[in-house]
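Novice: I would like to see how this sequence folds:
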Amino acid sequence: MRCQLEILSGELDLRALLVKWQRVLRLQDWDVSARIASQQEVGVGANASCNVNRALHHATIRIVSERDFGVPEFPEWRTYDPEVLLVHELLHIPADAFAPGPVDKLRAELYEQFIETLAHTLIELSRGPSYRDMLVARSQEVGFGNGKAHNEAAQGVTEERVR
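Specialist: Residues are numbered from 1 along each chain as shown. Next comes the predicted model:
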């Protein structure tokens, strides 16, 4: 397993997390580099990015700095957690072959939701039940409740697509 990591002064050292999650996700045969980056490097509107080269078994992950972090549609909902961002991006490596093309927006949204759910599930298994309790409390604070509105909206999109 080859891990490369560039650490910027004053930023979180991701090396231990990268090594841990490469092992957990069985990505030891991949050459993965990860670093904290500016919003410009990551891409507008994104909190992290992963460029995958399956032929060379190489991936480059960039995680936005805490200073630039944000979820525009839910600014109070998420807090900066580089481990979640790292796991999310690492999951794109084995899933890359199944990634939808840029024209299929519904499949792209569902694909990202799946990756995000899986990342949070893995983090919860790693950190324990208190992490799940924190996520549930935070979602209720901002009015997500049981997710009924989101599920209804997703159902509407699916029904519209079937027509």
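Novice: which residues of this structure fall in helices?
Specialist: For the chain, applying DSSP state H gives helices covering 15-24, 39-42, 82-95, 105-127, 129-141, 148-162.
Novice: give me whichever of those is most buried.
Specialist: helix 82-95 (a mean of 21; mean count of other C-beta atoms under 10 Å). For glycine as for every other residue, the C-beta is placed from the backbone atoms N, C-alpha and C.
Novice: let me know which of the helices of the chain is the nearest to A55.
Specialist: The closest of these to A55 is helix 82-95. By C-beta to C-beta, the value is 13.1 Å.
Novice: off-centre distance for the closest one?
Specialist: From the chain centre to the centre of helix 82-95 is a distance of 5 Å (C-alpha atoms, centre = their mean, to the nearest Å).
Novice: swap in stretch 16-36?
Specialist: 14 Å.
Novice: kindly report the same for stretch 15-27.
Specialist: The answer for stretch 15-27 is 15 Å, by C-alpha atoms, centre = their mean.
Novice: quick revisit: for the helices of the chain, which one sits closest to G70?
Specialist: Closest of those to G70 is helix 39-42, at 8.8 Å (criterion: C-beta to C-beta).
Novice: tell me what the closest one is packed against?
Specialist: If you count contacts as 3 or more C-beta pairs under 8 Å, 6 or more residues apart in numbering; DSSP states H and E, helix 39-42 packs onto strand 58-64.
Novice: now the angle from the strand it packs on to helix 15-24?
Specialist: For strand 58-64 against helix 15-24, the angle between stretch directions is 130 degrees (axes from the mean of the first three to the mean of the last three C-alpha atoms, to 10 degrees).
Novice: quick revisit: Throw the helices of the chain into CSV and include mean pLDDT and distance to H57, thanks.
Specialist: What follows is the helices of the chain, written out as CSV (pLDDT from 0 to 100; distance: least, C-beta to C-beta, whole Å):
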stretch, mean pLDDT, distance to H57
helix 15-24, 93, 12
helix 39-42, 90, 23
helix 82-95, 95, 9
helix 105-127, 91, 20
helix 129-141, 73, 31
helix 148-162, 43, 35
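Novice: could I get the ones you listed in a markdown table, plus columns for distance to V32?
Specialist: Below are those laid out as a markdown table (distance: least, C-beta to C-beta, whole Å):
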| stretch | distance to V32 |
| --- | --- |
| helix 15-24 | 6 |
| helix 39-42 | 16 |
| helix 82-95 | 7 |
| helix 105-127 | 15 |
| helix 129-141 | 24 |
| helix 148-162 | 32 |
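Novice: for those, which one sits closest to R54?
Specialist: helix 82-95 (8.6 Å).
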